[in-house]
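> My questions concern the predicted model and sequence given below.
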Amino acid sequence: MGFFSFVQEIAMDLGTANTIIISDDKIVVDEPSVVALDRTNNKMIAVGEKAKLMYEKTHDNIRTIRPLRDGVIADFTACEQMMRGLIKMVHSGSRLFSPSLRMVIGVPSGSTEVELRAVRDSAEHADGRDVYLIFEPMAAAIGIGLDVNAPEGNMVVDIGGGTTEIAVISMGGIVSNNSIKMAGDDFTADIREYMSRQHNVSVSERMAERIKINMGSALAELPPSEAPEDYVVHGPNRITALPMEVPVCYQEIAHCLERSVGLIETAVLNALSNTPPELYADIVKNGIYLTGGGALLRGLAQRLSNKINIPFHVAEEPLLCVAKGTGKALANIDEYPCLMR
């Protein structure tokens, strides 16, 4: 009887850099937020990791797109196609009909009504029947395991690819928040600019990302056990186009990321300045939680703790916190009034 109205529940962390989908309490998709389209007919050629392998390597008939920039949809059509492609990975069985979807999607807390509408429309066009939205810092707090409905203040700093989301959470809602367009993509851009200016070598976005992962640091002095070995960067000389090999140390990367990390520090302080005193006292006692890919930057928690005099804790599996939180919210929709329809 219910064959024709089969409903599948999925939770999605629709990120600027990566999209994670949870179904039946399991992570079933963890792919880069990239889609490759044919320019002639706008049909999808590849999505996720396969599309990322094509990134910056295509000819004129193929365009690879990151549909989200700064945490919001920059290309509506490409985002819809990417979501369809990733959702197909979830129910890639031999069903005669695609199921209707009940979805919970994490979105930046600084999103405007227009941006929220764009996410909802993309989800509905990708077969979403019931679509709920949840702000990413709230989802991250749920994913960490915090009791967000308790009368107690907790602060989460979620450093993603496009935005850094800072929120004080209490009684199932966001009391104070600050969302800035400064995050992992900006770290990558800083490294590209530094390599070009300081070493006269051109590096691609993907190479700069590899440098960030292997050498990224928020402190110029790390304990010997945490300090990475020098990384050799290959690329063309910016002027002569001859091949170059440039060894890079983590101290250099810490120097080039100084300004961007400083902006995140300021944003955290601004969010704290708008926090009621009782909740502020809870935050000092509980500490502040770091989530998202940016939380993996070496020495970041230590630097923020030294600057703000409040302990910072890097969450377990920081890349997955928002996705896990959306999954928990999906499984217990009635318990979380923070979900938006």
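Yep, that arrived.

> Next up, the contacts around the most centrally placed residue in the chain.
Taking C-alpha atoms, centre = their mean as the criterion, residue 160 is the residue nearest the geometric centre of the chain, at 3.2 Å. Residue 160 sits next to 15, 16, 17, 71, 108, 136, 183, 184, 292, 293, 294, 322 when contact means C-beta atoms under 8 Å, 6 or more residues apart in numbering. The C-beta positions use only the backbone N, C-alpha and C, and glycine is treated the same way.

> burial count for the fifth one?
Using other C-beta atoms under 10 Å, residue 108 has 28 neighbouring residues.

> Excluding chain neighbours, what is closest to it?
The shortest distance from residue 108 to any residue other than its chain neighbours is 4.0 Å, reached at residue 71 (C-beta to C-beta, 6 or more residues apart in numbering).

> That neighbour: what's it in contact with?
16, 107, 108, 110, 111, 160, 161, 162, 163, 179, 181, 183.

> ok, residue 121 to residue 105 distance?
Note on residue 121: its distance to residue 105, by C-beta to C-beta, to the nearest Å, is 12 Å.

> Give the residue from those two that has the larger number of neighbours.
Counted by other C-beta under 10 Å, residue 121 and residue 105 do not tie: residue 105 has more neighbours, with 27 against 16.

> thinking again about what came up before, now do the residue nearest to the centre of the chain, the pLDDT please.
Residue 160 is assigned a pLDDT of 92 by the prediction.

> Kindly provide the distance from it to residue 71.
7 Å.

> what sits opposite residue 291 in the beta ladder?
Listed by DSSP bridges, the beta-bridge partners for residue 291 are residue 158.

> now swap in residue 135 and tell me
residue 107.

> Same question for residue 101.
residue 8, residue 128.

> I'd say it and residue 8 touch.
Yes. Using C-beta atoms under 8 Å, residue 101 is in contact with residue 8, at 5.6 Å.

> Could you check which of these two is surrounded by more residues?
Neighbours were counted for residue 101 and for residue 8 using other C-beta under 10 Å; residue 101 has more, 22 against 18.

> who's in contact with the more buried one?
Contacts of residue 101 (C-beta under 8 Å, 6+ apart): 7, 8, 9, 10, 87, 123, 126, 127, 128, 129, 130.

> Make CSV out of these and add distance to residue 38 and pLDDT.
Compiled in CSV, the contacts of residue 101 are given as follows (distance: C-beta to C-beta, whole Å; pLDDT from 0 to 100):
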residue, distance to residue 38, pLDDT
7, 32, 76
8, 29, 83
9, 32, 88
10, 27, 91
87, 20, 87
123, 24, 88
126, 19, 83
127, 22, 80
128, 25, 83
129, 29, 85
130, 32, 88
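
> Among those, the buried ones, what's the ChimeraX command?
This is how ChimeraX selects the buried members of the contacts of residue 101, with burial counted by 16 or more other C-beta atoms under 10 Å:
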select :8,9,10,87,123,126,127,128
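
> Adding distance to residue 115, write the contacts of residue 101 out as JSON lines.
As requested, the contacts of residue 101 are exported to JSON lines (distance: C-beta to C-beta, whole Å):
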{"residue": "7", "distance to residue 115": "27"}
{"residue": "8", "distance to residue 115": "26"}
{"residue": "9", "distance to residue 115": "24"}
{"residue": "10", "distance to residue 115": "21"}
{"residue": "87", "distance to residue 115": "21"}
{"residue": "123", "distance to residue 115": "13"}
{"residue": "126", "distance to residue 115": "17"}
{"residue": "127", "distance to residue 115": "21"}
{"residue": "128", "distance to residue 115": "17"}
{"residue": "129", "distance to residue 115": "22"}
{"residue": "130", "distance to residue 115": "20"}
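
> for whichever helix or strand residue 137 is part of, what is the average pLDDT?
Assessed by DSSP states H and E, residue 137 sits inside helix 136-144. Across helix 136-144, the average pLDDT comes to 94.
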